[in-house]
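> Test case, fold it:
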Amino acid sequence: MIYVADSSACRAHRFSMNDDTLCGLTTLPQEILELLLCEMDWKDVLSIRATCTVLCFASQSRAVWRVQYQRVSDSYDTPLNAMDGNASYAELERDTLHWARLQHNWVSQPKQPTQRLLCECPAVQIHLVHGGRWLLASTKYPCLEVYDLDSLHGQRRFLIRSQDKHDEQVSTFVVDEVRMTPPNVDLFIALNHCKITGESLMRVSIWRLRSASDGHTLVAQHITSFGTQTSGVCPDMELRGDYFATNGRSPNHIDIYDWRRSSSLVHHKATIDIGENKVQKSIRILSGRRILTFEHGIVRIYAIDASEFRPTPGRQPVVASPSTPLHTLHLPGMDPYLLCPLHLDCLGTASLYLACARAVVKLTVPYDDQPLIVADYLAYNEGRPRAWVLTLHRAYFRRDTKATTVLLTRGYHDEHCTHVWDIVNHNYDAGPLVDDYSGRIVERAWMNYKIVVFLGSQDAVPDILPNQVY
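Down below sits the predicted model:
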């Protein structure tokens, strides 16, 4: 009798409780709920958000989405750029879902990439701005053009027009995207205008490009211009921070300008003489006042002497004695022109991918001038591809009638990280472009037009996300 009475009382008490009391999870403190959500996958966090108000509020925590963003970042061999410490939960959630969706679309086997003709343009050089929306192009005219890839037909307009009547065209340009936080654009660009006829000079103009307030256009602001000596129309150039570097005066000399203090009359620059038997094909500026140089099969690092940045007459070259490299690395079969963007961590350690004779390798340059570290990353199973493009997190290459995309993740041996499809148009040249943030691929055909290849729509909601959110 007592047992039955007690049981009935317990049942009556239980049924009188409200739903929140029945669910022990919602009675936990907010901090505990956030710790539990941090241990879950981002898809589970979104699913739990749709259950009740308490868990919805807990899922909108900055701490939860900072962990989710870091987890997606850790899935790549090269981590994503760290979000600003002041980023809100909504910004962290947006970027986490963006990168997760991109991973899914990049390796989705059932989906065939869609192609569309963008435009006809006899471009000398093209550059896909980080974010995948804006395509910069230099042409035979003294200007720089920009194409909006989000528009149906790639809306085109002149972005920068020459301010010097002597300039014939923008032959080459180089972009510094260190400050980029897509979808917003904020970058610096250095333009190399064709040399004035009869003189061994080239004109360098540096501009700042930013998103307009409406978010649908780019605005160009001229910062400075100066003339410098050159031995060719298309020297290699590099722009990073306050430094602009070029080997335009001679393949054996690298001039590094403090461009904010330089003018045509007075240069603030240092010079590295790399020796008569060395011809650098590509140069990169590192942290700690160092220069990374590439030639066929050899990588070298040189120190920049900051004491040499003194005022020098614009037409007077700086004479320097041959420099001894800090480090030299031999990479047989390395293509000095095929370089991916640099990743710099908070200490200044740099990493990038290079294409060598038998594999793509990851090169790490320690911040403390220790020897370079090389690791084989992606082997060529069927011989060297015809055309490659590498970014920090993905690779694209063409071989005969096949195109292949590869996700550069820690588990890249997994077959699901590779996507192969048949090439419809075979008239591509050797310079494809890939954007890390959007996954878009831009191909340039021999007939002076570009084909934009999308790996999944940027606007459609992917099927890996829950259909409803609380």
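
> and residue 295, what does it touch?
Going by CB atoms under 8 Å, 6 or more residues apart in numbering, residue 295 touches 278, 279, 280, 281, 336. For every residue, glycine as well, the C-beta is placed using N, CA and C.

> One more: residue 434?
128, 389, 390, 391, 394, 395, 396, 440, 441, 442.

> now do 6 Å
If a contact means CB atoms under 6 Å, 6 or more residues apart in numbering, then residue 434 has 389, 391, 396, 441 as its contacts.

> Excluding sequence neighbours, find me the nearest residue to the last one.
Closest residue to residue 441 in three dimensions, ignoring its sequence neighbours and counting by CB to CB, 6 or more residues apart in numbering: residue 453, at 4.1 Å.

> Kindly confirm my reading that the one you found is in a helix.
No: applying DSSP: H, G, I helix; E, B strand; the rest coil, one finds residue 453 to be strand, outside a helix.

> So what's the residue count around it?
19 (other CB atoms under 10 Å).

> Report the beta-bridge partners for it.
residue 115, residue 441 (DSSP bridges).

> wait, what's in contact with it?
113, 115, 441.

> Residue 268: which of the contacts of residue 295 is nearest?
residue 280 (22.0 Å; CB to CB).

> how much space between the closest one and residue 175?
20 Å (CB to CB, to the nearest Å).

> quick one: which of these two has more around it?
Taking other CB under 10 Å, residue 280 and residue 175 do not tie; residue 280 has more neighbours (22 against 17).

> element containing the more buried one, please.
Counting by DSSP states H and E, there is no helix or strand that carries residue 280.

> cool, residue 33 as well?
Using DSSP H and E, residue 33 falls in helix 30-38.

> After that helix, heading C-terminal, what element do we hit next?
helix 42-49.

> Which strands or helices does the helix or strand following that following helix pack on?
The C-terminal neighbour of helix 42-49 among helices and strands, as given by DSSP H and E, is helix 53-59. Counting contacts by 3 or more CB pairs under 6 Å, 6 or more residues apart in numbering; DSSP states H and E, helix 53-59 is packed against helix 42-49.

> Try it again at 8 Å.
Counting contacts by 3 or more CB pairs under 8 Å, 6 or more residues apart in numbering; DSSP states H and E, helix 53-59 packs against helix 30-38, helix 42-49.

> Please point out which parts of the shortest one sit buried.
By 16 or more other CB atoms under 10 Å, the buried positions in helix 42-49 come out as 42, 45, 46, 47, 48, 49.

> Send me that helix as CSV with only the CA atoms.
Output of helix 42-49 as CSV, limited to C-alpha atoms (Å, rounded to 0.1, in the frame of the first residue of the first chain):
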residue,chain,number,x,y,z
TRP,A,42,28.3,22.8,-36.4
LYS,A,43,25.4,20.9,-38.1
ASP,A,44,24.3,19.6,-34.7
VAL,A,45,24.5,23.1,-33.2
LEU,A,46,22.2,24.4,-36.0
SER,A,47,19.8,21.4,-35.4
ILE,A,48,19.7,22.0,-31.6
ARG,A,49,18.9,25.7,-32.3
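
> Could you report the neighbour count for residue 403?
23.

> Sorry, slip of the keys, the one I care about is residue 125.
Residue 125: 17 neighbours (other CB under 10 Å).

> Who does it form a beta bridge with?
Under the criterion used (DSSP bridges), residue 125 bridges to residue 138.

> Quick check: which ranges of the stretch 151-300 of the chain have low pLDDT?
Residue ranges of the stretch 151-300 of the chain with pLDDT under 70: 163-168, 194-200, 232-234.

> can you rerun that using 50?
In the prediction, the stretch 151-300 of the chain carries no residues with pLDDT under 50.

> Mind jotting down where the strands sit in it?
155-161, 170-176, 186-193, 201-211, 218-229, 237-240, 243-250, 253-258, 266-273, 282-286, 290-295, 298-303 (DSSP state E, counting those that start in this stretch).

> Could you do the stretch 301-450 of the chain as well?
Under DSSP E, counting those that start in this stretch, the stretch 301-450 of the chain gives strands at 310-313, 327-330, 343-344, 350-355, 359-365, 373-379, 387-390, 394-399, 402-407, 418-422, 433-434, 441-444, 449-454.

> What mean pLDDT does the third one get?
So the one you mean is strand 343-344. Mean pLDDT, strand 343-344: 90.

> Which elements pack onto it?
Short answer (3+ CB pairs under 8 Å, 6+ apart): strand 343-344 packs on strand 350-355.

> tell me which strands and helices the strand it packs on is in contact with?
strand 343-344, strand 359-365, strand 387-390.

> what about residue 97, distance to residue 215?
On the measure of CB to CB, residue 97 and residue 215 end up 20 Å apart.

> I should have written residue 381 there, sorry.
Counting by CB to CB, the gap from residue 381 to residue 215 is 43 Å.

> what about those two, which has more around it?
residue 215 (10 against 6).

> Count the residues that sit near the closest residue to that one other than its chain neighbours.
In space, and not counting its chain neighbours, residue 215 is closest to residue 183: 7.5 Å by CB to CB, 6+ apart. If you count neighbours by other CB under 10 Å, residue 183 ends up with 16.

> got the phi/psi numbers for residue 183?
Dihedral pair for residue 183: phi -80, psi 0, per degrees, to the nearest 10.

> so how far does stretch 327-347 reach from one end to the other?
Using CA to CA, to the nearest Å, the end-to-end distance of stretch 327-347 comes to 19 Å.

> got it, and stretch 100-115?
23 Å.

> can you pull the buried residues of that stretch?
Those would be 100, 101, 102, 103, 104, 105, 106, 107, 108, 111, 113, for stretch 100-115 by 16+ other CB under 10 Å.

> Columns pLDDT on top of those residues, output as a markdown table?
Converted to a markdown table, those look like this (pLDDT from 0 to 100):
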| residue | pLDDT |
| --- | --- |
| 100 | 90 |
| 101 | 88 |
| 102 | 88 |
| 103 | 86 |
| 104 | 84 |
| 105 | 82 |
| 106 | 85 |
| 107 | 78 |
| 108 | 75 |
| 111 | 68 |
| 113 | 75 |
